[in-house]
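> curious how this folds, go ahead:
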Amino acid sequence: MVSDPMHQRFENLKMGERGAIVSIIAYICLSLLKLIIGNLSGSEALSADGLNNATDIVASIAVLIGLRLAQRPADEDHPYGHWKSETIASLIASFIMMAVGLEVLFTAVMSVFRTNEQSPDLISVWTGLFCAIIMFFVYRYNRNLAKKINSQAVMAAAKDNLSDVLVGMGTVIGIMGSQFQLSWLDPVTAIVVGLMICKTAWDIFCEASHHLSDGYDEKALQAYKDTVQMVDGVELVKELRARNYGSNTVVDVVLSIKGELEFHEAHEIATNVENELKKSSEVIDVHVHYEPVKCRV
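Here you go, the predicted structure:
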(Lines give C-alpha, C1' and ligand atoms only; values in the text may rest on other atoms or scores of the structure.)
Protein backbone atom coordinates (compact mmCIF):
# COMPACT_ATOMS: atom_id res chain seq x y z
CA MET A 1 0.00 0.00 0.00
CA VAL A 2 1.36 3.45 -0.97
CA SER A 3 1.43 5.81 2.00
CA ASP A 4 -0.41 9.12 1.78
CA PRO A 5 2.18 11.98 1.75
CA MET A 6 -0.21 14.29 3.63
CA HIS A 7 -0.81 11.66 6.30
CA GLN A 8 2.95 11.21 6.65
CA ARG A 9 3.39 14.93 7.24
CA PHE A 10 0.87 14.85 10.08
CA GLU A 11 2.66 11.80 11.49
CA ASN A 12 5.92 13.76 11.35
CA LEU A 13 4.36 16.52 13.44
CA LYS A 14 3.32 13.94 16.03
CA MET A 15 6.86 12.58 16.08
CA GLY A 16 8.12 16.13 16.55
CA GLU A 17 6.10 16.35 19.75
CA ARG A 18 8.39 13.72 21.25
CA GLY A 19 11.37 16.01 20.82
CA ALA A 20 9.57 18.86 22.57
CA ILE A 21 8.50 16.58 25.42
CA VAL A 22 12.04 15.21 25.85
CA SER A 23 13.34 18.80 26.02
CA ILE A 24 10.71 19.80 28.58
CA ILE A 25 11.51 16.87 30.88
CA ALA A 26 15.27 17.46 30.59
CA TYR A 27 14.95 21.20 31.23
CA ILE A 28 12.74 20.73 34.29
CA CYS A 29 15.18 18.30 35.90
CA LEU A 30 18.36 20.18 34.98
CA SER A 31 16.94 23.61 35.83
CA LEU A 32 16.00 22.49 39.35
CA LEU A 33 19.40 20.87 39.83
CA LYS A 34 21.35 23.93 38.64
CA LEU A 35 19.30 26.45 40.62
CA ILE A 36 19.56 24.43 43.83
CA ILE A 37 23.29 23.69 43.52
CA GLY A 38 24.00 27.20 42.21
CA ASN A 39 22.40 28.82 45.25
CA LEU A 40 23.98 26.40 47.72
CA SER A 41 27.46 26.72 46.20
CA GLY A 42 27.23 30.46 45.54
CA SER A 43 27.77 30.19 41.77
CA GLU A 44 26.33 33.10 39.75
CA ALA A 45 27.10 31.32 36.46
CA LEU A 46 25.39 28.06 37.40
CA SER A 47 22.31 29.92 38.68
CA ALA A 48 22.18 31.93 35.45
CA ASP A 49 22.41 28.71 33.46
CA GLY A 50 19.60 27.24 35.56
CA LEU A 51 17.45 30.30 34.85
CA ASN A 52 18.17 29.82 31.16
CA ASN A 53 16.91 26.24 31.38
CA ALA A 54 13.81 27.39 33.27
CA THR A 55 12.91 29.63 30.37
CA ASP A 56 13.62 26.90 27.91
CA ILE A 57 10.79 24.95 29.57
CA VAL A 58 8.34 27.65 28.48
CA ALA A 59 9.91 27.85 25.02
CA SER A 60 9.66 24.07 24.58
CA ILE A 61 6.02 24.15 25.67
CA ALA A 62 5.40 26.81 23.00
CA VAL A 63 7.01 24.52 20.41
CA LEU A 64 4.86 21.60 21.59
CA ILE A 65 1.67 23.68 21.30
CA GLY A 66 2.72 24.90 17.85
CA LEU A 67 3.31 21.35 16.63
CA ARG A 68 -0.13 20.27 17.87
CA LEU A 69 -1.90 23.27 16.32
CA ALA A 70 -0.14 22.61 13.01
CA GLN A 71 -1.86 19.20 12.89
CA ARG A 72 -5.30 20.75 12.60
CA PRO A 73 -6.86 20.27 9.17
CA ALA A 74 -7.87 23.14 6.90
CA ASP A 75 -11.09 24.94 7.81
CA GLU A 76 -13.08 28.01 6.72
CA ASP A 77 -10.71 30.43 8.46
CA HIS A 78 -7.55 28.57 7.40
CA PRO A 79 -8.14 27.14 3.91
CA TYR A 80 -4.41 26.40 3.56
CA GLY A 81 -4.27 24.59 6.91
CA HIS A 82 -2.53 25.47 10.18
CA TRP A 83 1.02 24.57 9.13
CA LYS A 84 2.43 27.99 10.03
CA SER A 85 1.59 27.41 13.70
CA GLU A 86 4.91 25.56 13.85
CA THR A 87 6.79 28.65 12.68
CA ILE A 88 4.83 30.95 15.00
CA ALA A 89 5.81 28.70 17.90
CA SER A 90 9.48 29.13 16.98
CA LEU A 91 8.98 32.91 16.90
CA ILE A 92 7.35 32.93 20.35
CA ALA A 93 10.16 30.76 21.71
CA SER A 94 12.72 33.29 20.44
CA PHE A 95 10.93 36.14 22.25
CA ILE A 96 10.94 34.20 25.52
CA MET A 97 14.61 33.32 25.17
CA MET A 98 15.58 36.91 24.37
CA ALA A 99 13.72 38.28 27.42
CA VAL A 100 15.50 35.87 29.76
CA GLY A 101 18.85 36.42 28.06
CA LEU A 102 18.60 40.16 28.72
CA GLU A 103 17.61 39.49 32.34
CA VAL A 104 20.61 37.20 32.80
CA LEU A 105 22.88 39.85 31.30
CA PHE A 106 21.55 42.56 33.62
CA THR A 107 21.92 40.37 36.72
CA ALA A 108 25.41 39.25 35.71
CA VAL A 109 26.65 42.79 35.02
CA MET A 110 25.37 43.94 38.40
CA SER A 111 27.13 41.04 40.12
CA VAL A 112 30.50 42.10 38.64
CA PHE A 113 30.39 45.26 40.74
CA ARG A 114 29.48 43.42 43.94
CA THR A 115 32.28 42.57 46.31
CA ASN A 116 32.39 38.81 46.59
CA GLU A 117 35.69 37.13 47.26
CA GLN A 118 34.14 33.74 47.93
CA SER A 119 34.57 31.20 45.16
CA PRO A 120 31.74 28.80 44.30
CA ASP A 121 31.96 25.32 45.76
CA LEU A 122 33.56 22.68 43.53
CA ILE A 123 30.30 20.70 43.39
CA SER A 124 28.99 23.31 40.99
CA VAL A 125 31.69 22.26 38.50
CA TRP A 126 30.55 18.65 38.49
CA THR A 127 26.92 19.73 38.31
CA GLY A 128 27.57 21.92 35.29
CA LEU A 129 29.57 19.20 33.55
CA PHE A 130 26.91 16.55 34.21
CA CYS A 131 24.13 18.81 32.88
CA ALA A 132 26.14 19.70 29.76
CA ILE A 133 26.59 15.99 28.95
CA ILE A 134 22.87 15.31 29.41
CA MET A 135 21.94 18.25 27.17
CA PHE A 136 24.36 17.04 24.50
CA PHE A 137 22.43 13.78 24.20
CA VAL A 138 19.12 15.71 24.12
CA TYR A 139 20.58 17.90 21.35
CA ARG A 140 21.64 14.85 19.31
CA TYR A 141 18.20 13.30 19.69
CA ASN A 142 16.34 16.44 18.59
CA ARG A 143 18.75 17.22 15.77
CA ASN A 144 18.39 13.74 14.28
CA LEU A 145 14.62 13.86 14.76
CA ALA A 146 14.38 17.29 13.09
CA LYS A 147 16.33 16.05 10.06
CA LYS A 148 14.23 12.91 9.84
CA ILE A 149 10.87 14.72 9.87
CA ASN A 150 12.09 18.02 8.32
CA SER A 151 10.74 20.11 11.22
CA GLN A 152 11.69 23.76 11.62
CA ALA A 153 10.37 23.91 15.19
CA VAL A 154 12.21 20.78 16.35
CA MET A 155 15.42 22.03 14.71
CA ALA A 156 14.99 25.33 16.59
CA ALA A 157 14.66 23.30 19.79
CA ALA A 158 17.83 21.39 18.86
CA LYS A 159 19.72 24.66 18.33
CA ASP A 160 18.59 25.76 21.77
CA ASN A 161 19.80 22.44 23.17
CA LEU A 162 23.22 22.93 21.56
CA SER A 163 23.41 26.45 22.93
CA ASP A 164 22.76 25.02 26.39
CA VAL A 165 25.62 22.55 25.92
CA LEU A 166 28.03 25.38 25.07
CA VAL A 167 26.67 27.54 27.86
CA GLY A 168 27.11 24.68 30.31
CA MET A 169 30.73 24.18 29.29
CA GLY A 170 31.35 27.91 29.60
CA THR A 171 29.84 27.80 33.07
CA VAL A 172 32.21 25.01 34.09
CA ILE A 173 35.20 27.01 32.79
CA GLY A 174 34.10 30.09 34.71
CA ILE A 175 33.64 28.21 37.96
CA MET A 176 36.97 26.43 37.56
CA GLY A 177 38.66 29.78 37.08
CA SER A 178 37.13 31.09 40.28
CA GLN A 179 38.76 28.20 42.15
CA PHE A 180 42.09 29.85 41.33
CA GLN A 181 41.07 33.05 43.14
CA LEU A 182 39.69 34.62 39.95
CA SER A 183 36.36 35.45 41.60
CA TRP A 184 35.43 37.87 38.81
CA LEU A 185 35.52 35.09 36.20
CA ASP A 186 32.31 33.43 37.38
CA PRO A 187 30.02 36.49 36.93
CA VAL A 188 31.80 37.37 33.69
CA THR A 189 31.02 33.87 32.43
CA ALA A 190 27.40 34.56 33.38
CA ILE A 191 27.54 37.56 31.03
CA VAL A 192 28.76 35.28 28.26
CA VAL A 193 25.88 32.95 29.09
CA GLY A 194 23.41 35.83 28.65
CA LEU A 195 24.99 36.84 25.33
CA MET A 196 24.76 33.27 24.02
CA ILE A 197 21.10 33.07 25.00
CA CYS A 198 20.41 36.31 23.12
CA LYS A 199 22.38 35.13 20.08
CA THR A 200 20.43 31.86 19.88
CA ALA A 201 17.15 33.74 20.30
CA TRP A 202 18.11 36.16 17.51
CA ASP A 203 19.02 33.35 15.10
CA ILE A 204 15.70 31.58 15.71
CA PHE A 205 13.81 34.88 15.36
CA CYS A 206 15.50 35.68 12.03
CA GLU A 207 14.70 32.27 10.56
CA ALA A 208 11.09 32.26 11.76
CA SER A 209 10.36 35.83 10.66
CA HIS A 210 11.98 35.13 7.27
CA HIS A 211 9.58 32.22 6.74
CA LEU A 212 6.53 34.13 8.00
CA SER A 213 7.29 37.03 5.64
CA ASP A 214 7.38 34.55 2.70
CA GLY A 215 11.14 34.69 2.36
CA TYR A 216 12.72 31.70 0.66
CA ASP A 217 16.22 30.37 0.05
CA GLU A 218 17.49 31.52 -3.35
CA LYS A 219 19.55 28.37 -3.90
CA ALA A 220 16.48 26.20 -3.33
CA LEU A 221 14.50 28.33 -5.78
CA GLN A 222 17.19 27.87 -8.42
CA ALA A 223 17.18 24.10 -7.79
CA TYR A 224 13.41 23.99 -8.32
CA LYS A 225 13.80 26.04 -11.50
CA ASP A 226 16.46 23.69 -12.84
CA THR A 227 14.18 20.71 -12.09
CA VAL A 228 11.27 22.26 -14.00
CA GLN A 229 13.47 23.25 -16.94
CA MET A 230 14.48 19.60 -17.40
CA VAL A 231 10.87 18.42 -17.79
CA ASP A 232 10.15 17.39 -21.37
CA GLY A 233 7.96 19.96 -23.16
CA VAL A 234 8.95 22.98 -21.02
CA GLU A 235 10.38 25.62 -23.31
CA LEU A 236 11.05 28.26 -20.64
CA VAL A 237 10.47 28.82 -16.92
CA LYS A 238 9.15 32.37 -16.96
CA GLU A 239 8.62 32.67 -13.21
CA LEU A 240 9.01 30.47 -10.15
CA ARG A 241 8.15 31.42 -6.59
CA ALA A 242 7.93 29.45 -3.36
CA ARG A 243 6.75 30.07 0.19
CA ASN A 244 6.80 28.16 3.44
CA TYR A 245 3.89 26.66 5.35
CA GLY A 246 5.63 25.47 8.46
CA SER A 247 8.14 22.87 7.27
CA ASN A 248 6.27 22.50 3.96
CA THR A 249 6.71 24.36 0.69
CA VAL A 250 4.20 25.59 -1.89
CA VAL A 251 5.60 26.39 -5.34
CA ASP A 252 4.05 28.68 -7.98
CA VAL A 253 5.49 28.34 -11.48
CA VAL A 254 4.72 29.96 -14.84
CA LEU A 255 5.83 28.00 -17.92
CA SER A 256 6.19 28.68 -21.60
CA ILE A 257 5.22 25.74 -23.84
CA LYS A 258 4.64 25.33 -27.57
CA GLY A 259 1.43 27.01 -28.64
CA GLU A 260 0.39 24.32 -31.10
CA LEU A 261 0.10 21.63 -28.41
CA GLU A 262 -3.29 20.08 -27.71
CA PHE A 263 -4.92 20.83 -24.35
CA HIS A 264 -4.27 17.34 -22.98
CA GLU A 265 -0.61 17.56 -24.04
CA ALA A 266 -0.17 20.91 -22.25
CA HIS A 267 -1.95 19.54 -19.20
CA GLU A 268 0.32 16.51 -19.16
CA ILE A 269 3.41 18.75 -19.15
CA ALA A 270 1.98 20.71 -16.20
CA THR A 271 1.26 17.45 -14.37
CA ASN A 272 4.80 16.22 -14.99
CA VAL A 273 6.18 19.49 -13.61
CA GLU A 274 4.04 19.09 -10.50
CA ASN A 275 5.12 15.49 -9.99
CA GLU A 276 8.81 16.29 -10.40
CA LEU A 277 8.69 19.12 -7.85
CA LYS A 278 6.75 16.97 -5.38
CA LYS A 279 9.59 14.47 -5.39
CA SER A 280 11.25 16.94 -3.04
CA SER A 281 10.23 15.95 0.49
CA GLU A 282 9.28 19.48 1.58
CA VAL A 283 7.08 20.41 -1.42
CA ILE A 284 3.45 19.90 -0.44
CA ASP A 285 1.66 21.65 -3.33
CA VAL A 286 2.47 23.07 -6.78
CA HIS A 287 0.48 25.61 -8.80
CA VAL A 288 1.34 25.52 -12.51
CA HIS A 289 0.33 28.13 -15.07
CA TYR A 290 1.39 27.68 -18.68
CA GLU A 291 1.46 30.11 -21.59
CA PRO A 292 2.08 29.52 -25.31
CA VAL A 293 5.40 30.53 -26.79
CA LYS A 294 5.40 31.75 -30.37
CA CYS A 295 7.18 29.47 -32.81
CA ARG A 296 9.82 31.08 -34.95
CA VAL A 297 9.49 30.53 -38.69
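> from residue 228, how far out is residue 279?
Distance of residue 279 to residue 228, computed by C-beta to C-beta, to the nearest Å: 12 Å. C-beta here means a position set from N, CA and C on the backbone, and glycine is covered the same way.
> for residue 38, same thing?
56 Å.
> so if I had to pick from the two, which one is more boxed in?
residue 38 (25 against 22; other C-beta atoms under 10 Å).
> which SS class is the more buried one?
Of the three states, residue 38 takes helix under DSSP: H, G, I helix; E, B strand; the rest coil.
> residue 106 versus that one, what's the distance?
Distance from residue 38 to residue 106, by C-beta to C-beta: 17 Å.
> what mean pLDDT does stretch 240-249 get?
Mean pLDDT, computed over stretch 240-249, is 86.
> centre of the chain to it, how far?
Distance, stretch centre to chain centre, for stretch 240-249: 16 Å (C-alpha atoms, centre = their mean, to the nearest Å).
> quick one: buried residues of that stretch?
For stretch 240-249, a neighbour-count test (16 or more other C-beta atoms under 10 Å) marks 240, 242, 243, 244, 245, 246, 247, 248, 249 as buried.
> kindly report the same for stretch 34-45.
34, 35, 37, 38, 41, 42, 43, 44, 45.
> now distance to residue 167 and pLDDT too, for those residues, in TSV please.
Shown next, in TSV, are these (distance: C-beta to C-beta, whole Å; pLDDT from 0 to 100):
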residue	distance to residue 167	pLDDT
34	11	88
35	15	89
37	16	87
38	13	83
41	17	79
42	19	75
43	13	75
44	13	72
45	9	71
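> between those, which sits nearest residue 141?
residue 34 (20.3 Å; C-beta to C-beta).
> and the helices in the stretch 1-150 of the chain?
5-41, 44-70, 85-112, 123-149 (DSSP state H, counting those that start in this stretch).
> low-confidence ranges, the stretch 151-297 of the chain, go.
For the stretch 151-297 of the chain, applying pLDDT under 70 flags the ranges 178, 183, 186, 281, 294-297.
> hey, where'd the strands end up in it?
Here the stretch 151-297 of the chain has its strands, by DSSP state E, counting those that start in this stretch, at 236-245, 248-258, 283-293.
> show me what the second one packs onto, helices and strands only.
Yep, that's strand 248-258 we're talking about. helix 218-229, strand 236-245, helix 263-277, strand 283-293 (3 or more C-beta pairs under 8 Å, 6 or more residues apart in numbering; DSSP states H and E).
> now swap in the shortest one and tell me
In this structure, strand 236-245 makes packing contacts with helix 218-229, strand 248-258, strand 283-293, judged by 3+ C-beta pairs under 8 Å, 6+ apart.
> export the ones you listed to CSV and append columns for distance to residue 150.
Shown next, in CSV, are the helices and strands packed on strand 236-245 (distance: least, C-beta to C-beta, whole Å):
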stretch, distance to residue 150
helix 218-229, 13
strand 248-258, 9
strand 283-293, 11
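> out of these, flag the one nearest residue 74.
Closest among the helices and strands packed on strand 236-245, using C-beta to C-beta: strand 283-293, at 11.5 Å.
> adjacent strands (with direction) for the closest one?
Taking DSSP bridges as the criterion, strand 283-293 forms sheet pairs with strand 248-258 (parallel).
> put together a markdown table for the helices and strands packed on strand 248-258, with distance to residue 154 on each row.
What follows is those, written out as a markdown table (distance: least, C-beta to C-beta, whole Å):
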| stretch | distance to residue 154 |
| --- | --- |
| helix 218-229 | 20 |
| strand 236-245 | 15 |
| helix 263-277 | 24 |
| strand 283-293 | 18 |
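> among these, which is nearest residue 135?
Short answer: strand 236-245, nearest of these by C-beta to C-beta, at 28.4 Å.
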